[in-house]
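Visitor: For reference, the sequence and a predicted model appear below.
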Amino acid sequence: MTSNIIVRNFFIATFSILLFSACTKISTTDIGLGLLPPLDYFNTKDTSLDVITTTVDYPDSLRIYGTDHHVVGTISDDALFGSTEASMFFQLVPSSFPFSIPGNRDSLEVDSAVLILSYKGFYGDSTKPVVLNLKRIDNSTPLISDGTQYANNYPELYNIQASSILANPFSLDFTHARDSVNNRYEAAASQIRIPLLSSYARMFIRNYDSTNAYRSDTTLSASFPGFALSTNPTSNKNVLVQISLNDTNTKLALYYKSTSTTSSSYKRDTAVAYFKFSIYNNGHANFIKRNTSGSEIAKHLKNKISDSLVYVQSSPGTMVKIKVPGLKAFKNKIIHRAELIAEQVTSDPGANILERYLLPPSYLFLGSFDSTTQRIRNVPNDFTGTNDAEGMSRFGGQLQYKTLDGVANVATYNFSISRYVQGVISRSDSIFDFRILAPVNDSIQYVYPRPQNNLPATKNYLSSSNGNQPAMGRVRLGGGTHSKRRMRLHIYYSDL
């Protein structure tokens, strides 16, 4: 009797260990047990399909809209991706026309003029200040026009040039960039305040007020086409500054003294008039030039076969072309989850300190390439559009940091394409090549999921609100042949 009990207990213990180990094999994956069918822990299998990867240019003429963050600055020492130069051109105007400085014109006394910009952050090395250069747009060049969305990576097409200096070089110290400002005129924070030269303060407050410059927005643009902002790379050549034009922090403040004509006591006091930005009525352009010459990526852009390293740079930049040849021969199965996994190949932070500051994009997008239309479209049945926030989250592409092989803070991106894979192997749906990109403002061809896939395709917009801000982010990923960070299509399935 005792021996039978011992044998029975042995089999119970052995079965429990096998059950635990079988469950653990799946539960330690990213998908978890909750996504597997009930009572199928022993029958669920997984495999990885190899992918063929190459880095290609992102053929996108990025438009930066008035509601987006604009960027200004220089990155010169990026050994992986090359250099970046960003400059801004924009207009600020009174709230209405014709405009005049309030108060008694004869008693008008110029105090100062300050360009105030809304600081939204930085990308790159903030350990050193950066010097901002403020100039006026040259009257002899084409005027920036409201309603025109300039392709930001082709400044030479528009020939918008800066001319005379409006202010002394302004040193932006990032340690104090978000400090509060409290005075009699406003209580605010995160402002960049650039005092204009006294001659330009006089121009805006007295000279233009006595001419026809303030008669209309057209006459003001003719007299003063706008502001041109850039940085001096000798101060900090590895940082981009983010600025918002479209909030109350950005304005031109004109401070003046005048005798009040509405008071019997004729009180004399300092007052302020503001010029602001309007997304509907003001021109703006943000030019971002990339140059990969001499960088690591330049060598890989020439590769036409599967590469062990691939590179994604936020628009305007580069993307990755992906083929999954093994999917065509994959037998019909029940697909529980299929995910494309992309992992960062990090650099030695000691050898390349700048890698600490040039962070990966916050979001990568996976699209299918339609060879018929020559356009990027959504992955069939899996990406259900940007209006579906929950669906976007399930589809993936959001930046996650993980510890892999003892290396901390490795950027990873996962994309769920289970429905697409199921359709390919079960219904012989079309097989597409993929593209991984870091969009800012772009659109894709959107085909509705089954059973509405026969409806006409529409446009789906990938905006900065659900993607990335301009020029923010770049990442080197393991390609299809990398030894440790191999990009792959990982499939969890059950046999039929």
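Guide: Sure thing, it's come through. Just so it is clear, the model here is predicted, and its values are computed rather than measured.
Visitor: And for Thr346, the neighbour number?
Guide: 18 (other Cβ atoms under 10 Å). For the C-beta atoms, the positions are set from N, CA and C on the backbone; glycine is no exception.
Visitor: Tell me who's in contact with it.
Guide: When contacts are counted by Cβ atoms under 8 Å, 6 or more residues apart in numbering, Thr346 is found next to 355, 407, 409-410.
Visitor: okay if I get these as a markdown table plus distance to Ala86?
Guide: Shown next, in a markdown table, are those (distance: Cβ to Cβ, whole Å):
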| residue | distance to Ala86 |
| --- | --- |
| Glu355 | 20 |
| Val407 | 31 |
| Asn409 | 26 |
| Val410 | 28 |
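Visitor: Drop anything exposed from those.
Guide: 355, 410 (16 or more other Cβ atoms under 10 Å).
Visitor: Now flag whichever of the contacts of Thr346 is closest to Leu364.
Guide: Val410 (14.5 Å; Cβ to Cβ).
Visitor: does that closest one have beta-bridge partners, and which?
Guide: Lys402 (DSSP bridges).
Visitor: So it sits against Leu399, correct?
Guide: No. Using Cβ atoms under 8 Å, Val410 is not in contact with Leu399; the gap is 10.9 Å.
Visitor: Point out where the stretch 301-450 of the chain drops to low pLDDT.
Guide: 349-351 (pLDDT under 70).
Visitor: Break down it into its helices, ranges please.
Guide: Assigned by DSSP state H, counting those that start in this stretch, the stretch 301-450 of the chain shows helices spanning 389-395, 418-427.
Visitor: One more: the stretch 151-300 of the chain?
Guide: 198-202, 217-223, 296-300.
Visitor: can you tell me the average pLDDT over the first one?
Guide: In other words, helix 198-202. Mean pLDDT, computed over helix 198-202, is 97.
Visitor: same for that helix, what does it pack against?
Guide: For helix 198-202, the contact count by 3 or more Cβ pairs under 8 Å, 6 or more residues apart in numbering; DSSP states H and E identifies strand 109-124 as packing neighbours.
Visitor: how about the strand it packs on: buried residues?
Guide: For strand 109-124, using 16+ other Cβ under 10 Å, the buried residues are 110-124.
Visitor: Just name whatever secondary elements the next helix or strand after that strand is in contact with.
Guide: Scanning forward in sequence from strand 109-124 by DSSP states H and E, the next helix or strand is strand 130-137. Using 3+ Cβ pairs under 8 Å, 6+ apart as the contact test, the elements touching strand 130-137 are strand 162-165, strand 170-172, strand 191-195, strand 227-232, strand 238-244.
Visitor: Going by mean pLDDT, which of the ones you listed comes out lowest?
Guide: strand 162-165 (a mean of 92).
Visitor: Paired strands for it, with orientation please.
Guide: Strand 162-165 is paired, per DSSP bridges, with strand 130-137 (antiparallel).
Visitor: how many degrees apart are the partner strand and strand 227-232 in direction?
Guide: 150 degrees (axes from the mean of the first three to the mean of the last three Cα atoms, to 10 degrees).
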